[in-house]
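Visitor: fold the following and give me the result.
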Amino acid sequence: SSKGVCLSEEGEHLLPYIQDYLRASDALRQEAALQGESHNHVLRIGCFENLDLGPLLFQARDALPQEYAGLSCQLSVSANYSALLRKLEERSIDLAVMPLGIETPARFHAQVLTDDVTYAFFSARFPNAEQIHELMDLKDAVMFAGPEYNGLWQYLHNYFQHRGVKANLNYDPGMSIFTERMIIESGEGIGFGGKYSLLYRNPDLRRLPLEMTGALGAVWCGDNSNPVIRPYIRGLLAQF
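Guide: Next comes the predicted model:
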């Protein structure tokens with residue numbers, strides 16, 4: 001009414017139950033806050049966009065000891081190595097999982113997770129695909145090998161130079177991984193990666209093993225104080 005609001009008879013009956021509920025709710029919130037201070041952690045993980053590691057990253061979290069049972073993993077992807085390193089420095093991620101082979105600055109720590117055979121991937125639509133048996137058979141191909149300072153680029157450059165051939169190594173930092181994969185799948189170019197790459201997961205692509213062993217690793221900033229980084233990396237190592 002214009003004089004105010006009062007409880008109905010039914011409301012008066014419900015009031016003590018509601019009060020009990022509110023008291024219990026407050027107690028639960030306080031308990032959760034205390035547990036959060038001591039047990040709940042957040043780990044922000046960045047991953048190279050061309051890797052298929054999502055399930056494995058969560059399995060590593062679930063394998064951690066009970067004290068990290070409340071760990072929340074937040075995943076994001078980046079299209080290139082430089083973006084991952086920049087995110088580490090900016091603290092928008094705590095840990096980067098990516099192929100190693102590019103020299104990381106001294107302020108970063110790197111842990112090799114697993115060695116990984118490197119493959120050249122090409123489509124069945126690639127010219128003379130049936131006759132490709134060794135890397136030299138791809139000497140005329142456009143090769144997506146990443147930036148000049150990584151180990152794969154240097155390996156390919158040296159391989160073809162030693163045989164008197166100038167390789168067509170392509171790197172465009174503005175090109176998305178999606179566009180690169182489309183070019184490879186259409187038979188217009190050659191891509192490279194290991195068994196954890198999305199290219200490896202594509203049944204329509206053929207693969208040619210190289211005499212080069214790559215490595216998959218975890219990278220983090222040395223002055224990052226997140227206490228979950230090292231336990232998580234130990235859990236991640238156990239997944240390989």
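
Visitor: beyond the helix or strand of the chain with the lowest mean pLDDT, next helix or strand please.
Guide: Lowest by mean pLDDT, DSSP states H and E among the helices and strands of the chain is helix 9-38, with a mean of 71. Towards the C-terminus, the helix or strand next in line after helix 9-38, according to DSSP states H and E, is strand 42-48.

Visitor: which strands and helices sit next to that following strand?
Guide: Packing partners of strand 42-48 (3 or more C-beta pairs under 8 Å, 6 or more residues apart in numbering; DSSP states H and E): helix 54-62, strand 72-78, helix 81-90, strand 95-99. Just so you know, the C-beta spots here come from the backbone N, C-alpha and C atoms, and that holds for glycine as well.

Visitor: out of these, deepest packed?
Guide: Ranked by mean neighbour count under mean count of other C-beta atoms under 10 Å, the helices and strands packed on strand 42-48 are led by strand 95-99, which reaches a mean of 25.

Visitor: within the sheet, what are the partner strands of it, with directions?
Guide: Sheet partners assigned to strand 95-99 using DSSP bridges are listed as strand 42-48 (parallel), strand 205-221 (antiparallel).

Visitor: any idea of the angle the next helix or strand after that strand forms with helix 81-90?
Guide: Proceeding N to C from strand 95-99, the next assigned helix or strand is strand 108-123, under DSSP H and E. Angle, strand 108-123 to helix 81-90, by axes from the mean of the first three to the mean of the last three C-alpha atoms, to 10 degrees: 150 degrees.

Visitor: can you show me the CA trace of strand 108-123 as PDB?
Guide: What follows is strand 108-123, C-alpha atoms only, in PDB (Å, rounded to 0.1, in the frame of the first residue of the first chain):
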ATOM      1  CA  PHE A 108      62.900 -16.700 -20.300                       C
ATOM      2  CA  HIS A 109      63.200 -20.200 -19.000                       C
ATOM      3  CA  ALA A 110      62.500 -23.200 -21.400                       C
ATOM      4  CA  GLN A 111      61.700 -26.800 -20.500                       C
ATOM      5  CA  VAL A 112      61.800 -29.400 -23.300                       C
ATOM      6  CA  LEU A 113      58.600 -31.500 -23.000                       C
ATOM      7  CA  THR A 114      59.300 -34.000 -25.800                       C
ATOM      8  CA  ASP A 115      61.400 -34.500 -28.900                       C
ATOM      9  CA  ASP A 116      59.400 -34.500 -32.100                       C
ATOM     10  CA  VAL A 117      60.200 -35.700 -35.600                       C
ATOM     11  CA  THR A 118      59.800 -32.900 -38.200                       C
ATOM     12  CA  TYR A 119      57.700 -33.700 -41.300                       C
ATOM     13  CA  ALA A 120      57.100 -31.900 -44.600                       C
ATOM     14  CA  PHE A 121      53.300 -32.000 -45.300                       C
ATOM     15  CA  PHE A 122      51.900 -31.800 -48.800                       C
ATOM     16  CA  SER A 123      48.600 -32.400 -50.500                       C
END
